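Undergrad: how would this look folded up:
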Amino acid sequence: MDTAPPRGGEPQAGVRVLCVGGSTRPGSSSEAAIQVCAAAAAAAGASVEVIASRDLIFPIYDTETPDRDPSAVRFIEAVRAADALIVASPGYHGSMSGMIKNALDYLEDTRADERVYLDGMPVGCVAVAHGWQATVSTLHSLRVAVHALRGWPSPLGATVNASSGKIFDAAGACTDDSARFQLETVATQVVEFAALRKTGASSLLVATVE
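TA: Okay, the predicted model is just below:
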């Protein structure tokens, strides 16, 4: 696998990226992975918000009541404000974790928004699991959910095999060249695509007004 650093580019001012991930255990490998993505997105010039680990423990999504936990409201509003999303999930029994799936289920609350769900939004998908079978199937489940929510998964999906050795050090830095390349590339791709969409939308608006 190519382990060269992702290509650089002009800072993408005005692009807002929401990074979501981790598990119920603070400091997990999937949380470290989303922090690496967040740092790469910030290095590309984006404004970055991270919601991770126990900040994603919401009550199970309930279609029968409009009442929402404050942490869930924060998440929904952060998605609404974002131009791009990066999601990192641990692999639980061959799929994304229930915590991450439940968070994505809350996007049903955006069904009446001008931008429904993740319509047209670039979404980076990151799967962290013990073993390649679980990493690949977890990545697939993330991509399927993003497609169902009308998002555009990044061309590269990152798969981090936590059983292949020490991937992150005690400070959360990625010590594996292949994993770091994937995580940074996913972040760079979503920032670049979000910037292109914003530029295209602005150009279309100007052309329409003229």
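Undergrad: Could I get the full set of strands for this protein?
TA: 16-21, 47-52, 84-92, 95-96, 122-129, 152-153, 158-161 (DSSP state E).
Undergrad: what would those look like in a markdown table with distance to residue 107?
TA: C-beta coordinates here come from the backbone N, C-alpha and C atoms, glycine included. Converted to a markdown table, the strands of the chain look like this (distance: least, Cβ to Cβ, whole Å):
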| stretch | distance to residue 107 |
| --- | --- |
| strand 16-21 | 11 |
| strand 47-52 | 13 |
| strand 84-92 | 10 |
| strand 95-96 | 14 |
| strand 122-129 | 11 |
| strand 152-153 | 15 |
| strand 158-161 | 21 |
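Undergrad: For residue 196, which of the ones you listed is the nearest?
TA: strand 122-129 (9.0 Å; Cβ to Cβ).
Undergrad: re the thing from before, now the strands of the chain in a markdown table, with mean neighbour count?
TA: Putting the strands of the chain into a markdown table (neighbours: other Cβ atoms under 10 Å) gives the following:
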| stretch | mean neighbour count |
| --- | --- |
| strand 16-21 | 26 |
| strand 47-52 | 19 |
| strand 84-92 | 27 |
| strand 95-96 | 24 |
| strand 122-129 | 29 |
| strand 152-153 | 20 |
| strand 158-161 | 24 |
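Undergrad: can I get those strands in CSV with mean pLDDT?
TA: Putting the strands of the chain into CSV (pLDDT from 0 to 100) gives the following:
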stretch, mean pLDDT
strand 16-21, 98
strand 47-52, 98
strand 84-92, 98
strand 95-96, 98
strand 122-129, 98
strand 152-153, 97
strand 158-161, 97
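Undergrad: Residue 72: which of those is closest?
TA: strand 47-52 (10.5 Å).
Undergrad: Alpha carbons of the closest one, in PDB - could you do that?
TA: Taking Å, rounded to 0.1, in the frame of the first residue of the first chain, the C-alpha atoms of strand 47-52 are listed here in PDB:
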ATOM      1  CA  SER A  47     -12.800  24.300  10.900                       C
ATOM      2  CA  VAL A  48     -13.200  21.100  12.900                       C
ATOM      3  CA  GLU A  49     -15.500  19.900  15.700                       C
ATOM      4  CA  VAL A  50     -15.100  16.500  17.400                       C
ATOM      5  CA  ILE A  51     -17.800  14.600  19.200                       C
ATOM      6  CA  ALA A  52     -16.400  11.400  20.500                       C
END
